[in-house]
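Asker: give me a model of this one.
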Amino acid sequence: MENSVRIAGPLPPVRPRNAHRFEVFSPKLGRRLTFFRRAALDQWVLLEADPCVKRFCERPGYIHAAGAARLADFWVEFADHQELVILSETLEEADISDRDVTLYAAMVPVRHVTAGEIAAARAWIDNWRRMLPCMVASRGLVPPGLMSAIERFVCAPQKLLAVEREFSAGDPTLVRAALYGLMHAGRVVSPDLRTASLSLLTSFVTAGTSP
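Answerer: Numbers count the residues shown, from 1 in each chain. Predicted structure coming up:
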């Protein structure tokens, strides 16, 4: 891939004084992640929920600009390009000491994410923070046939309540995990979740299908 950088892995997390610790599991990466800022946690949710994102890495290394080192919050890989993400909130440079990990930012675009952008996606983020634990708890337990059956059922828009009723013979937790997994893979969409809280009235439909 042209205009790319190689990422060895995330820099070790070092907890800033009085910071909250957020531990999550990424279905996309198949591993645990640690954050110490709400903004970083929210940005992870946005990357995790975006089916166009193939891979990402938190704390990938330092970008040198204007004579100063700035820790990149994420490296992100899409099908045809990469980017580095820097959040508007800054970490004190003393929090992470490994400055030998330098990224050559000129090779990939750097995207600055503001607090306003994250605030605008608050409903979407909060909904995925409810859906991801269901997916993680059911990881490896959802039959592929169930996902295919649900995908066919929502070829026309269906509310969550209707999906659960249609597949009531199965475990409702697995039904929800399958539906959320289809969204995670980009095979099903739900515009409702951009603006309203997840509920039994939330509508889902196969990706590419006109409402």
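
Asker: can you report phi and psi for residue 166?
Answerer: Backbone geometry at residue 166, expressed as degrees, to the nearest 10, gives phi -60, psi -40.

Asker: again, but for the one 5 residues further on
Answerer: Residue 171 adopts backbone torsions of phi -70, psi 120, taken as degrees, to the nearest 10.

Asker: let me know the helix or strand that residue 84 is in.
Answerer: With secondary structure defined by DSSP states H and E, residue 84 is part of strand 82-87.

Asker: would you mind finding the longest helix in this structure?
Answerer: Determined from DSSP state H, the single longest helix within the chain is helix 122-137.

Asker: pull the distance from that helix to the chain's centre.
Answerer: In terms of CA atoms, centre = their mean, to the nearest Å, the centre of helix 122-137 is set 9 Å apart from its chain centre.

Asker: so after it, what's the next helix or strand?
Answerer: helix 144-153.

Asker: by contact count, what packs against that next one?
Answerer: Here helix 144-153 touches helix 160-166, helix 172-184, going by 3 or more CB pairs under 8 Å, 6 or more residues apart in numbering; DSSP states H and E. Just so you know, the C-beta spots here come from the backbone N, C-alpha and C atoms, and that holds for glycine as well.

Asker: figure out which of the ones you listed is closest to residue 154.
Answerer: Taking CB to CB, helix 160-166 is the member of these nearest to residue 154, at 6.8 Å.

Asker: that'll do, ta.
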